[in-house]
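1. For reference, the sequence and a predicted model appear below.
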Amino acid sequence: MDMNARTRFFAIIVALALPALVSPVASTAAPKPSASSASSDLGGSAQAFSVAGKIDSVDYTANVIVVRVKRTATSITLTPTTSVELGGQQGSIADLRPGMHVHVRGSVIGGVMTAESIVVR
């Protein structure tokens, strides 16, 4: 093959393969939401979170706990459907006290962390 034929052959291969490589239909990876749209979209999809730390404070009126992980304090909103497990038994939000070590799982919607489950350790 001369150099001209090789160049044409390579160009044809690239032209046939390129659409398959960049086509979103051919991609199996799920698209990632941008950070700015996730935090600014109040009606957007939920992002899961998991926090393990010590309860700094509990506001029973506002249904908010503050969990400290090392030097960072995180406010987490509680709902009537938030499950609480205390010593292997079902508990309630009223059982939560400052100083307890907890593992909190939930979702972030519109920048608000909302607990779905709390396990007291």
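-> Perfect, thanks for sending it. Numbers count the residues shown, from 1 in each chain.
2. Now name the helix or strand holding T7.
-> Using DSSP states H and E, the element containing T7 is helix 3-22.
3. And for the residue nearest to G91 when sequence neighbours are not counted, the neighbour number?
-> Distances taken as C-beta to C-beta, 6 or more residues apart in numbering place V84 nearest to G91, at 4.1 Å, with adjacent residues excluded. The C-beta positions use only the backbone N, C-alpha and C, and glycine is treated the same way. Burial of V84 is recorded as 19 neighbouring residues (other C-beta atoms under 10 Å).
4. May I have the strands that pair with the helix or strand hosting V84, each with its orientation?
-> Following DSSP H and E, one finds V84 within strand 83-86. Sheet pairing of strand 83-86 (DSSP bridges) gives strand 89-91 (antiparallel), strand 112-120 (parallel).
5. Helix or strand next in line after the shortest one, which one?
-> In other words, strand 89-91. Following strand 89-91 in sequence, per DSSP H and E, is strand 101-109.
6. Could you check that following strand and say which residues are buried?
-> V102, V104, G106, V108, I109 (16 or more other C-beta atoms under 10 Å).
7. separation between the closest residue to the fourth one other than its chain neighbours and G87?
-> In other words, V108. Closest residue to V108 apart from its sequence neighbours, by C-beta to C-beta, 6+ apart: Q47 at 4.7 Å. Applying C-beta to C-beta, to the nearest Å, the value for Q47 to G87 is 30 Å.
8. between the two, who's got more neighbours?
-> Q47 (13 against 9).
9. Find the least confident helix or strand in the chain, judged by mean pLDDT.
-> helix 35-40 (a mean of 41; mean pLDDT, DSSP states H and E).
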